Each structure stands twice: as C-alpha cells, then as structure tokens.
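Engineer: next come a sequence and a model predicted from it.
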Amino acid sequence: MKALGIGLALVAALLLQSALSRVLPAEARVFDPFLLVMVYYGLSGGETEGMVIGAIGGWIQDIQFGGGILGLTGLCRVLLGFAVGMAGTRFHLTEPAPRALVLFLTGASDALLFTALAGAFDVAVTHLSPLVLLTRAGVNAALGVVVFELVDRRLRRRRHA
C-alpha cells in the first residue's frame, strides 16, 4: 500500500511539474514538487525511503526536464534524502515549524549541492543569486508545509474511518 502512495506522489509531482513548465515556465524553476515528495517520505520513512525516492524523483526530473548528465539530480537527491531521513528518525519533526525549517534547508542545499556536483562533473549550470536561492527555498518550504499538513490530515482521517 505504501508503494502505491509513493508511486502516486511521484506521478502527481511529474504532472504538476509538467503543467507548471508549460503554463508558468519561470515559476517551474522555483517550485520543486519532487523535492517535497522526497522530504515528506524521508521525514516519515527514514534514510532508505528518502534516498530511494530522491533517486527515483531525480532520475525522473533528469529524463523529463533535461539535465547535462543523466542522474546528476538523482545523485544530489540521494545525498539529501539520506540527510533528511536521518534527521527525521532522530528528531521530532512532525510539527509545521520544524518541517518548514527542514524544507527550507533542503531547498537551499539542493541548489548549492547541485551546483557543486555539476562543477565536479564539468557541467555548465546557471548559478543562482542569493535572492533567487532564498526565494526558491522559501517557496518550497511554505508550499511544502501546507501540502504536508493536508496529506497528514487525509491519512489521519483514513486511519480513523
């Protein structure tokens, strides 16, 4: 049952990212639904789930939305998924404020780590200004907290029914 939920979350992220890329291309670079899926499952399922979902989501992003090296986003997300999963198993991160902090830090770290890994593999990437980096991290954190709360409410309702 959990695998079905993960699959549906990744498909929803793909559809949302695809729609955003067509309708609002500039905003599609700011909001990252695959990052939200990775963080949610990393916080709730631990390191392994965070890494696996990060790798799958990163591969989907590289294949569907292009990348200099196939798998570079997946590699970045494996590392971040591990870190988020470790934090989720060791700290109480179920309230909105700690989740917002994790989402903000993961969003900022994602952009910085991707730029560093791209440099290591000699792949040209657009460097983000500090303002764009903070905006991207803030948008993902704000939207992520709302999405996480909605998903958690739905799952609680389903368990009690």
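Structural biologist: Now that the structure is in, tell me what you want to look at. Residues are numbered from 1 along each chain as shown.
Engineer: ok, the most centrally placed residue in the chain to residue 70 distance?
Structural biologist: Centroid-nearest residue in the chain, with Cα atoms, centre = their mean: residue 35, separated by 0.7 Å. Shown here: residue 35 relative to residue 70, a distance of 19 Å by Cβ to Cβ, to the nearest Å. Backbone N, C-alpha and C define where each C-beta goes, glycine included.
Engineer: what of residue 141?
Structural biologist: Distance of residue 141 to residue 70, computed by Cβ to Cβ: 28 Å.
Engineer: neighbour count: the two, which is higher?
Structural biologist: Of the pair residue 141 and residue 70, residue 141 is the one with more neighbours under other Cβ atoms under 10 Å, namely 22 against 12.
Engineer: pretty sure that one contacts residue 103?
Structural biologist: Yes - taking Cβ atoms under 8 Å as the contact criterion, residue 141 and residue 103 are neighbours in contact, 3.9 Å apart.
Engineer: buried residues of whatever helix or strand the residue nearest to the centre of the chain lives in, list them for me.
Structural biologist: In this assignment (DSSP states H and E), residue 35 forms part of helix 33-45. Using 16 or more other Cβ atoms under 10 Å as the burial criterion, the residues of helix 33-45 that qualify are 33-45.
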